[in-house]
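**Student:** Give me the fold of what follows.
(one chain, ligands or ions: 2)
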Amino acid sequence: REAKNKMPQYKGLENFKLLDKMGDGAFSNVYKALDLTTNKKVAVKVVRKFELNATQRANILKEVQIMRGLNHPGIVKLISFSESQEHYFLVLELMEGGELFHQIVKLTYFSENLARHVILQVAHGIRYLHEERGVVHRDIKPENLLFSRIPVIPSKNPVQRQYDEEKIDEGEFIPGVGGGEIGRVKIADFGLSKVVWDEQTMTPCGTVGYTAPEIVKDERYSKSVDMWALGCVLYTLLCGFPPFYDESINVLTEKVARGYYTFLSPWWDDISPLAKDLITHLLCVDPSQRYTIDEFLAHPWCNAAPAPPPPPT
Ligand code: ADP
Ligand code: MG
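**Tutor:** Ligands and ions are numbered 1, 2, ... in the order given. Down below sits the predicted model:
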């Protein structure tokens, strides 16, 4: 990690003071920065143009184009976009709390109540993308799910109130042993996202009457890749390790292709049958059988009242 006083300077980014590095990608660095014109903290994703080929450059512009059309509390906002000769600059809403990934590593796993609170925020973001914008994210994973602020998570089975869109922004308190609060979880990184469904006509994008059925079906099912990923995230939240893993990439690929996973004992012994039932409907190999986002949100596990905290010991 670079020292705070040794932040790089980018030509074309004079209106921002870089404060800290928040993340690295293959072709980009993400910094916490102060917008000197508004005096507000933001995140700036700096992409090095020269390392990208024409397709990759076009993809960044597509990422920007898609993000511009999005406005939802479960989605990281793009504030502005600019470019210099050498870089693209995406100015983003700052997510101070960092990646969901780090929180899973820190905590090992989340209680069902906390997992529900987190996954419902992600799911409402996905519902907005799929049903209102016709966008498929295609890279849902804990590294791309960010906390608005550093979560305070009680170590013992935290309890969360029933999901309430209105209350989350106010830093909803999590009653339970030790208390805590986690703010918002938002979806970031639209680098692989794609518009697949025209919101107006409710038809596949860029197609008219001559499209082959397999293409139409493909577009229909492309949203289901996000639902599979959502299942993987939920599985990981509940037990602390991913559903599919193997040291050998070939074995791992085979496991995923067959949808071979288990609710491994003892980690899954105390997790509710409802949670397992929901995961089963997401990690299902046939995309036509997999839950859609609306089916996910209607599942009883998502609508269960939070369990009371365990008695103090
Ligand atoms: P990549 O395409 O390289 O994965 P991302 O957009 O996912 O780029 O950004 C890389 C990392 O930077 C993220 O995983 C996260 O840790 C951090 N990051 C991205 N956007 C923000 C943001 N708005 N606020 C805080 N951190 C961010
Ligand atoms: Mg990413």
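**Student:** how close does residue 188 get to residue 43?
**Tutor:** In this view, residue 188 and residue 43 are 9 Å apart by Cβ to Cβ, to the nearest Å. For glycine as for every other residue, the C-beta is placed from the backbone atoms N, C-alpha and C.
**Student:** list residues touching both of these two?
**Tutor:** 92, 95 (Cβ atoms under 8 Å, 6 or more residues apart in numbering).
**Student:** right, and the secondary structure at the residue in the stretch 101-250 of the chain positioned nearest to ligand 2 would be what?
**Tutor:** Going by Cβ to the ion, ligand 2 is nearest to residue 189 of the stretch 101-250 of the chain, at 3.7 Å. Each residue gets one of three states, and residue 189 gets coil by DSSP: H, G, I helix; E, B strand; the rest coil.
**Student:** wouldn't it be in contact with residue 139 here?
**Tutor:** Yes: counting by Cβ atoms under 8 Å, residue 189 does reach residue 139; the two are 5.9 Å apart.
**Student:** Low-confidence regions, the stretch 101-250 of the chain specifically.
**Tutor:** Low-confidence segments of the stretch 101-250 of the chain (pLDDT under 70): 154-180, 198-208.
**Student:** Around ligand 2, pick out the residues from it.
**Tutor:** Along the stretch 101-250 of the chain, the residues adjacent to ligand 2 under the rule Cβ under 5 Å from the ion are 144, 189.
**Student:** Do you have the strands of the stretch 51-200 of the chain handy? List them.
**Tutor:** Assigned by DSSP state E, counting those that start in this stretch, the strands in the stretch 51-200 of the chain fall at 78-83, 87-92, 98-99, 135-136, 145-147, 185-187, 194-195.
**Student:** These: which one's closest to residue 67?
**Tutor:** Closest to residue 67 of the strands of the stretch 51-200 of the chain, according to Cβ to Cβ: strand 78-83, at 3.9 Å.
**Student:** List of residues touching that closest one?
**Tutor:** Contacts of strand 78-83 (Cβ under 8 Å, 6+ apart): 12, 42, 49, 64, 67-68, 70, 88-93.
**Student:** Out of the residues you listed, which are close to ligand 2?
**Tutor:** Among the contacts of strand 78-83, no residue is within reach of ligand 2 (Cβ under 5 Å from the ion).
**Student:** From ligand 2, how far out is the residue of the chain found nearest ligand 1?
**Tutor:** Nearest residue of the chain to ligand 1, counting by Cβ to the nearest ligand atom: residue 25, 1.7 Å away. Remark: distance between residue 25 and ligand 2 (Cβ to the ion, to the nearest Å) = 6 Å.
**Student:** is it fair to say residue 210 lies in a strand?
**Tutor:** No: per three-state DSSP, residue 210 lies outside any strand segment and is coil.
**Student:** list the contacts for residue 110?
**Tutor:** Neighbouring residues of residue 110 by Cβ under 8 Å, 6+ apart: 104, 118, 153, 237-238.
**Student:** Before we go further, residue 37 is sitting in a helix, right?
**Tutor:** No: counting by three-state DSSP, residue 37 falls outside a helix, being coil.
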